[in-house]
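Asker: after the sequence you'll find the predicted model.
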Amino acid sequence: MRTLTLASILLVLLGIRVLAQPASPPLTLEDCVRLAQAAPSSVKLARQQTDIARYGISQARANFLPQFSIGNSYTYNSPLLYDRNSMSFLALNGFREYSSLATSAVELDTSGRLRATLDRARADRDASNANLGLSERDLKHAVAASYYRVLLARKLVEAARANVTEARAFEDRVRRLFEGGEASQADLVKASSQVAILVQTQQALELEARLANHDLASFWTADVDAPLVLVDVMEQPPPLPEAPVAAASPFLRRLEFSLFDAQQHGFLADARRARAELLPQASLVFQYGIDAPRININDRGYAGFIRLNIPVFDWFRARSTSRQFQIQAQQVDTTRQIAQRVFSKEYQDALARMQLIYAQIAMTDAQVQLAEDNLRLSRVRYEGGEGPALDVVVAQAQLVQARTNYYAVRAGYLTARADLEVARGQ
């Protein structure tokens, strides 16, 4: 009994401690972006690709450094069958040959092949950095769109619930009037039909809010069905739209152009590397050690070699390969010019869309206020016997549409701002 009492006390204390812990603060858009970037995503893959490209530069630089190696070998040279004092292979030093050589070799970049390889590695690094920036930008934009989608869906659910409550209150009022003989059955049918339609709309919006929650949570967790607590920015005053930039086109700051530059530099480096196959390539080799028929430290020595490789019959293949890479570089330049026109259009479209939607915000505010006044007056006229029930039903539908437009315009404006940030290279 005493043990049971102690266990109960511990459970109560644990419950008090859990309740005393502060709830986690609502997530802002920046918090969601940070969580998405920390989770395994395309951004993490892009970071890993930048690490791969950085090691590629280290490999390319290592080609300019001397290569050291130590080789040890033992060779037995059999004697001739008809002369046991003569060796079978004249090129060897004796019947037994011991070799222990330290070799240092360095390649002289007379053809430019090593420099072209290094330039290619640098271009791959620049391309991976640009892809990392694009991945971060696209992930941020996708999270922002999903974030505003969740807020919009939840606001529409709240509006739908309020509409259903109002419609049911009107239905109860009409039912009491009908039971008292003061309303027709047609009025009751209209009110009940309106309730059924609004309930169906509410259920559809609740499903949309749940799916939107799944979409946002999937950026950083597998527990997507847990409701996310988000900062409600839909009720905050919307920020003012930005004026168009009169100076240089801001869309030229987009990371796609950095990617185009890196791709073009890479193809030009490949062209130089292919053209290097037409030029002589020299190398130096230095050896020090023992290469003798017996192991004797006094037999050590050194030797130096200069090698010059001059290509002769590989002219057409190397020229064709070089020309192929040059055309690919020109192709990237053509793609860049096409993208410049497309990005200019996207920037102007995003700017015009943001300004137009911002102008609609004040209209939706007035629209909601007018719809609420219209519904209130329609009910007063109906209850006073001066108006039909159809006017109330129509007023309810107008209020539903007005509230939907109110939140849809705000979400559309915030989404348009996010689109503009992408279009102008942020």
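Answerer: All right, it came through fine.
Asker: count the residues that sit near S42.
Answerer: S42 is flanked by 15 other residues according to other CB atoms under 10 Å. C-beta: built from backbone N, CA, C; applies to glycine.
Asker: so the nearest residue to it once chain neighbours are set aside is in which element?
Answerer: Leaving out its chain neighbours, the residue that sits closest to S42 by CB to CB, 6 or more residues apart in numbering is S135, at 4.7 Å. In this assignment (DSSP states H and E), S135 forms part of helix 113-179.
Asker: counting by contacts, list what that helix packs against.
Answerer: Using 3 or more CB pairs under 8 Å, 6 or more residues apart in numbering; DSSP states H and E as the contact test, the elements touching helix 113-179 are helix 29-38, helix 42-62, helix 185-217, helix 255-275, helix 315-383, helix 389-423.
Asker: can you redo those as TSV with distance to D299 and mean pLDDT?
Answerer: Shown next, in TSV, are the helices and strands packed on helix 113-179 (distance: least, CB to CB, whole Å; pLDDT from 0 to 100):
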stretch	distance to D299	mean pLDDT
helix 29-38	64	90
helix 42-62	34	88
helix 185-217	76	87
helix 255-275	43	90
helix 315-383	45	85
helix 389-423	73	82
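Asker: okay, those in a markdown table with distance to L152 next?
Answerer: What follows is the helices and strands packed on helix 113-179, written out as a markdown table (distance: least, CB to CB, whole Å):
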| stretch | distance to L152 |
| --- | --- |
| helix 29-38 | 14 |
| helix 42-62 | 25 |
| helix 185-217 | 8 |
| helix 255-275 | 29 |
| helix 315-383 | 13 |
| helix 389-423 | 4 |
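Asker: out of those, nearest to I290?
Answerer: Closest to I290 of the helices and strands packed on helix 113-179, according to CB to CB: helix 42-62, at 28.9 Å.
Asker: how far away from the center of its chain is the next helix or strand after that closest one?
Answerer: Following helix 42-62 in sequence order, the next helix or strand is strand 67-76 (DSSP H and E). Taking the mean of its C-alpha atoms, strand 67-76 sits 51 Å from the chain's own mean (CA atoms, centre = their mean, to the nearest Å).
Asker: any idea of the mean pLDDT in the helix or strand that strand 67-76 is followed by?
Answerer: Toward the C-terminus, strand 67-76 is succeeded by strand 96-108 as the next helix or strand (DSSP H and E). Strand 96-108 carries an average pLDDT of 86.
Asker: give the contact list for L134.
Answerer: Shown in contact with L134 (CB atoms under 8 Å, 6 or more residues apart in numbering): 46, 255-256, 259.
Asker: select from the residues you listed the one having the most neighbours.
Answerer: Among the contacts of L134, L259 has the most neighbours (other CB under 10 Å), with 21 neighbours.
Asker: wouldn't that residue be in contact with S128 here?
Answerer: No. Applying CB atoms under 8 Å, one finds L259 not in contact with S128, separated by 9.7 Å.
Asker: just the contacts of L134 now: which is nearest H141?
Answerer: For the contacts of L134, the minimum distance to H141 (CB to CB) is 12.4 Å, reached by L255.
Asker: and the closest one, what is it in contact with?
Answerer: Shown in contact with L255 (CB under 8 Å, 6+ apart): 130, 133-134, 137, 425.
Asker: let's go with 6 Å and repeat that
Answerer: Each residue near L255 by CB atoms under 6 Å, 6 or more residues apart in numbering is listed here: 130, 133-134.
Asker: tabulate those residues (TSV), appending pLDDT.
Answerer: Formatted as TSV, the contacts of L255 follow (pLDDT from 0 to 100):
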residue	pLDDT
A130	91
G133	89
L134	89
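Asker: how about those in a markdown table, adding distance to S99?
Answerer: Listed next are the contacts of L255 as a markdown table, based on distance: CB to CB, whole Å:
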| residue | distance to S99 |
| --- | --- |
| A130 | 51 |
| G133 | 54 |
| L134 | 55 |
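Asker: out of the residues you listed, flag the one nearest to T165.
Answerer: Among the contacts of L255, and counting by CB to CB, the member closest to T165 is L134, at 46.8 Å.
Asker: and L65, how far is that from M354?
Answerer: For L65, the distance to M354 (CB to CB, to the nearest Å) stands at 55 Å.
Asker: neighbour count for those two, which is higher?
Answerer: Higher neighbour count among L65 and M354: M354, with 22 against 9, using other CB under 10 Å.
Asker: how many residues are close by the residue lying closest to that one once chain neighbours are set aside?
Answerer: Among residues not flanking M354 along the chain, A416 sits closest, at 4.1 Å (CB to CB, 6+ apart). A count of nearby residues for A416, using other CB under 10 Å, gives 22.
Asker: now the one 10 residues further on
Answerer: As a burial measure, the neighbour count of Q426 was computed by other CB under 10 Å and equals 12.
Asker: same deal with Y406?
Answerer: 22.
Asker: go on, the one 3 residues further on?
Answerer: V409 sits with 21 neighbouring residues when counted by other CB under 10 Å.
Asker: isn't it right next to Q360, touching?
Answerer: Yes. Checked against CB atoms under 6 Å, the pair V409 and Q360 is within contact range at 5.0 Å.
Asker: ok, which of the helices and strands packed on helix 113-179 comes nearest A167?
Answerer: A167 lies closest, by CB to CB, to one member of the helices and strands packed on helix 113-179: helix 185-217, at 4.6 Å.
Asker: what's that closest one packed up against?
Answerer: Counting contacts by 3 or more CB pairs under 6 Å, 6 or more residues apart in numbering; DSSP states H and E, helix 185-217 packs against helix 113-179, helix 389-423.
Asker: could you dump those helices into JSON lines with distance to E206 added?
Answerer: Converted to JSON lines, the helices and strands packed on helix 185-217 look like this (distance: least, CB to CB, whole Å):
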{"stretch": "helix 113-179", "distance to E206": "5"}
{"stretch": "helix 389-423", "distance to E206": "15"}
